[in-house]
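Engineer: No sequence on hand, only this structure:
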């Protein structure tokens with residue numbers, strides 16, 4: 001495997017690990033903080049830290065030209081996604097909520113075909129559906145508790161918002177500096193979330209203890225700026241649906257983290273889900289033997 005292949009693969013694996021372990025870290029921190037304020041702080045601080053790194057290239061912001069793109073991306077990828085995600089966890093078990101969130105790669109596959117002109121093959125469709133099935137299997141043991149319609153709606157809208165945000169960033173990627181896009185979307189989005197949290201939650205409810213600082217520190221460094229810089233870099237240099245397919249591995253890493261560090265058992269569903277996810281990634285990235293199996297892109301319809 002040459003350098004061109006190994007570098008994106010290494011970044012993908014790093015991204016999967018960061019997002020995979022984040023579920024346990026954030027869950028730990030959320031015991032000591034209101035959810036919207038926590039989402040707002042890690043988003044805002046993460047955006048500010050990235051902006052400080054990028055400050056020597058401040059001219060690339062081009063605010064007058066790009067403010068609308070920054071605002072739309074902030075709305076979709078920060079305000080709606082993080083806001084609905086954190087608030088929705090109050091209504092649903094974490095296992096079920098994560099399953100619904102990771103319907104996102106399937107939506108990305110559809111939207112990338114509709115709006116980005118990416119080719120949709122029978123292999124890709126099958127792979128996306130099999131990957132989601134793998135998520136369902138892995139999470140089967142944790143799908144317990146009361147089912148809230150409100151929570152289901154919030155989770156599905158969070159998945160939809162994230163998918164639309166990814167497609168939008170991919171679509172404007174050649175017009176806006178991708179690094180500043182990440183920084184600005186989280187500065188703007190974090191500001192909105194902090195305003196909302198300040199209005200409906202109480203800062204005095206935050207317990208500024210070690211678990212909280214671990215969660216906030218992880219989110220403000222690895223979880224928000226670094227992870228999304230990697231994600232958008234990969235999206236801008238490859239097919240959105242193929243990159244999205246690898247995020248099916250995130251819940252698997254989350255479960256493995258619980259197995260290794262929280263003494264949760266390895267179950268048959270975990271093994272079956274892993275096989276389905278690996279098959280999914282293979283199918284989504286498989287090149288058809290001939291063009292006969294291709295579904296026409298929207299551009300050619």
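Structural biologist: Right, received. Where do you want to start? Everything quoted here is computed from the prediction, not taken from an experiment.

Engineer: Verify the contact between residue 214 and residue 26 for me.
Structural biologist: No: contact criterion C-beta atoms under 8 Å: residue 214 and residue 26 do not qualify, at 10.0 Å. The C-beta positions use only the backbone N, C-alpha and C, and glycine is treated the same way.

Engineer: and the two? which has more neighbours close in?
Structural biologist: residue 26 (23 against 13; other C-beta atoms under 10 Å).

Engineer: Secondary structure element holding the more buried one?
Structural biologist: Assessed by DSSP states H and E, residue 26 sits inside helix 3-29.

Engineer: What's the first helix or strand after that helix?
Structural biologist: With DSSP H and E, the next secondary element past helix 3-29 is helix 35-54.

Engineer: if you average pLDDT over that next one, what comes out?
Structural biologist: For helix 35-54, the mean per-residue pLDDT is 95.

Engineer: Can you point out the buried residues in it?
Structural biologist: 35-47, 49-51, 54 (16 or more other C-beta atoms under 10 Å).

Engineer: on that earlier part again, hey, what's the angle from the helix holding residue 26 to helix 35-54? Just curious.
Structural biologist: Here helix 3-29 runs at 140 degrees with respect to helix 35-54, directions being taken by axes from the mean of the first three to the mean of the last three C-alpha atoms, to 10 degrees.

Engineer: from the chain's centre, how far out does helix 3-29 sit?
Structural biologist: Centroid separation between helix 3-29 and its chain, computed with C-alpha atoms, centre = their mean, to the nearest Å, is 11 Å.

Engineer: For this protein, which segments are assigned as strands?
Structural biologist: 120-121, 294-295 (DSSP state E).

Engineer: mean pLDDT lowest for which of those?
Structural biologist: strand 294-295 (a mean of 38).

Engineer: list the contacts for residue 61?
Structural biologist: Neighbour list for residue 61: 177, 180, 184 [criterion: C-beta atoms under 8 Å, 6 or more residues apart in numbering].
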